[in-house]
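**Student:** Here you go, sequence then predicted model.
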Amino acid sequence: MIRIITNILSYGPEPAQGTEIEQHLSIKANGQCWLTRYAYQRHGDLVCVKRERFLAKAIDTLLAEMKAFFDTYAWRNYSVTDTGEWIIEVDGQEAHLVGLMDFGRVTGSVCCIGSAVSTVIRTALGRDDLFLLDGGLE
């Protein structure tokens, strides 16, 4: 099972109330997926605005790619200010990735991997509306 929690809140102006800033995605080996979307409220509170359940087909490739990414990069402690946070859990092992996207912009390495994994996930799930590891919706 893969769980990805993506929060795209960063330093800057306060988001408008109702702006989606966090997604929780769970993917099981049998293809069952759950996506929960959270919107910003006053004082940093989040409110669940939508829960979806759907079925994915290209799960074997997705699980292999995520495992390879997790084994290679997720254990490292990347931290940069002014970015969101990513929490990834693969087969019960959890890693916190803070600032992965912006760290990659600085070094030119990690961002490519995060972007590639995000593309694999979006393609496998047939969804282009996911934040994932590269910030998603720009």
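**Tutor:** Sure, I can see it. Residues are numbered from 1 along each chain as shown.
**Student:** quick one: which helix or strand includes Leu35?
**Tutor:** strand 32-40 (DSSP states H and E).
**Student:** what packs against that strand?
**Tutor:** Applying 3 or more Cβ pairs under 8 Å, 6 or more residues apart in numbering; DSSP states H and E, one finds that strand 32-40 contacts strand 20-27, strand 46-55. No exception for glycine: its C-beta is placed from N, CA and C like everyone else's.
**Student:** by how many degrees do that strand and strand 20-27 diverge?
**Tutor:** Interaxial angle, strand 32-40 versus strand 20-27 (axes from the mean of the first three to the mean of the last three Cα atoms, to 10 degrees): 170 degrees.
**Student:** Name the strands paired with strand 32-40 and say parallel or antiparallel.
**Tutor:** Sheet pairing of strand 32-40 (DSSP bridges) gives strand 20-27 (antiparallel), strand 46-55 (antiparallel).
**Student:** Contacts for the longest one next, please.
**Tutor:** Counting contacts by Cβ atoms under 8 Å, 6 or more residues apart in numbering, the residues outside strand 46-55 that touch it are 18, 20-22, 31-41, 125.
**Student:** How about the shortest one?
**Tutor:** Strand 20-27 is touched from outside by 1-9, 15, 33-40, 46, 49, 56, 59, 62-63, 84, 125, 130-132, with contacts defined as Cβ under 8 Å, 6+ apart.
**Student:** That strand - what's its average pLDDT?
**Tutor:** The pLDDT scores in strand 20-27 average 92.
**Student:** The longest one too?
**Tutor:** Throughout strand 46-55, pLDDT has a mean value of 95.
**Student:** that's a helix at Gly12, yeah?
**Tutor:** No: going by DSSP: H, G, I helix; E, B strand; the rest coil, the assignment for Gly12 is coil, not a helix.
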